[in-house]
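Q: please work out how this folds:
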Amino acid sequence: MSILTKTLLGIVEQSEIDALEDRLAGVKSLNDNAMGVELKRFGNAVAFSVKNIPGPSYNTVKGISGENIDGVGEIIEFYSSRGIPPRFEVTPGNASGDLFRKLSTLGFYQSGFHTSLYRSLSSDDSPQAVKQNNIQIEEIGLEDFDIFGELYTKGFGMPVAFKDFVTANNRVLAESDDWTFYLARVEGHPAGIAVLFRKNDVATLAASATVPEYRNRGVQTALIQNRIQQAIDEGCQFIIGQAAFGSVSQMNMERAGLKVAYTNAVWEKLT
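A: Numbering: from 1, shown residues only. Below you'll find the model as predicted:
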């Protein structure tokens with residue numbers, strides 16, 4: 001396991017930016033950017049915006065630091081002009097009292113935490129073996145991609161009406177060699193999905209979900225192990241993951257050998 005250095009912290013944070021940027025580039029390519037995807041850089045900070053996908057997941061600022069203090073107002077205006085409430089994700093390595101005071105004076109507050117995890121990889125590594133004879137993992141091909149949207153919406157408790165939307169926004173990524181989509185079956189029954197993204201020898205554990213009736217049966221653990229093994233086979237140097245602080249997802253990643261790199265401070269606007 002690599003010792004956590006400032007350089008490695010930068011690799012972890014950049015992997016998060018790369019994965020989101022690549023994902024939204026795919027969404028932007030659909031139907032003449034019907035979702036209203038925009039991205040703007042403010043120094044090292046990257047403001048992501050998707051006007052027609054409400055919520056914080058895609059409308060967020062990453063990479064912000066004390067160097068952006070004088071430009072925070074401009075970042076907020078970028079979102080305000082689009083009628084979108086911004087969210088700032090501040091890593092410990094980029095945090096400063098001055099930055100937090102600036103956000104506070106502009107009406108923002110710390111609303112939560114989000115954990116980023118990492119593990120160094122080598123060809124001699126292999127995921128810790130866990131008995132999973134009843135779980136089968138396979139890649140999802142474009143011809144069978146509808147099942148991804150179905151299991152994703154079930155796993156995240158989303159309305160069934162979102163299935164086609166989720167399918168389309170991910171199918172475009174599946175056409176790229178940088179993204180791989182997985183299906184987990186329990187005794188032959190579709191039970192969960194997961195995604196792996198690779199760039200610059202860094203692999204990212206992207207979205208993963210298990211349908212309610214198959215939870216607590218090792219599905220997520222199997223999907224994590226499978227993606228780690230693919231990352232090793234492809235010669236990736238690191239694998240990165242993100243999870244809600246203290247969540248089951250975080251615990252599953254730690255059991256697979258990932259360590260906490262840092263916990264983001266999430267700042268949102270007072271309403």
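
Q: just give me the residue closest to the centre of the protein.
A: Of all residues in the chain, the one closest to the mean position by CA atoms, centre = their mean is Ala206, 4.8 Å from it.

Q: pretty sure that one is in a strand, no?
A: Yes: secondary structure assignment places Ala206 in a strand (DSSP: H, G, I helix; E, B strand; the rest coil).

Q: strands along this structure, start to end?
A: 37-42, 45-50, 61-62, 87-90, 108-120, 135-139, 179-186, 189-199, 202-210, 238-244, 259-269 (DSSP state E).

Q: and the nearest residue to Gln242 once chain neighbours are set aside, how close does it get to Met253?
A: In this structure, Gln242 finds its nearest non-sequential neighbour in Ser116, 5.3 Å apart by CB to CB, 6 or more residues apart in numbering. Bear in mind the C-beta positions are built from the backbone N, C-alpha and C, glycine included. Plainly put, Ser116 is 10 Å away from Met253 if you go by CB to CB, to the nearest Å.

Q: now do Ala209
A: 15 Å.

Q: of Ser116 and Met253, who's got more company?
A: Met253 (28 against 22; other CB atoms under 10 Å).

Q: would you mind giving the strands of the chain as JSON lines with distance to Lys154 and mean pLDDT added?
A: Below are the strands of the chain laid out as JSON lines (distance: least, CB to CB, whole Å; pLDDT from 0 to 100):
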{"stretch": "strand 37-42", "distance to Lys154": "26", "mean pLDDT": "96"}
{"stretch": "strand 45-50", "distance to Lys154": "23", "mean pLDDT": "96"}
{"stretch": "strand 61-62", "distance to Lys154": "29", "mean pLDDT": "97"}
{"stretch": "strand 87-90", "distance to Lys154": "26", "mean pLDDT": "96"}
{"stretch": "strand 108-120", "distance to Lys154": "24", "mean pLDDT": "95"}
{"stretch": "strand 135-139", "distance to Lys154": "17", "mean pLDDT": "96"}
{"stretch": "strand 179-186", "distance to Lys154": "13", "mean pLDDT": "98"}
{"stretch": "strand 189-199", "distance to Lys154": "9", "mean pLDDT": "97"}
{"stretch": "strand 202-210", "distance to Lys154": "8", "mean pLDDT": "96"}
{"stretch": "strand 238-244", "distance to Lys154": "19", "mean pLDDT": "95"}
{"stretch": "strand 259-269", "distance to Lys154": "26", "mean pLDDT": "95"}
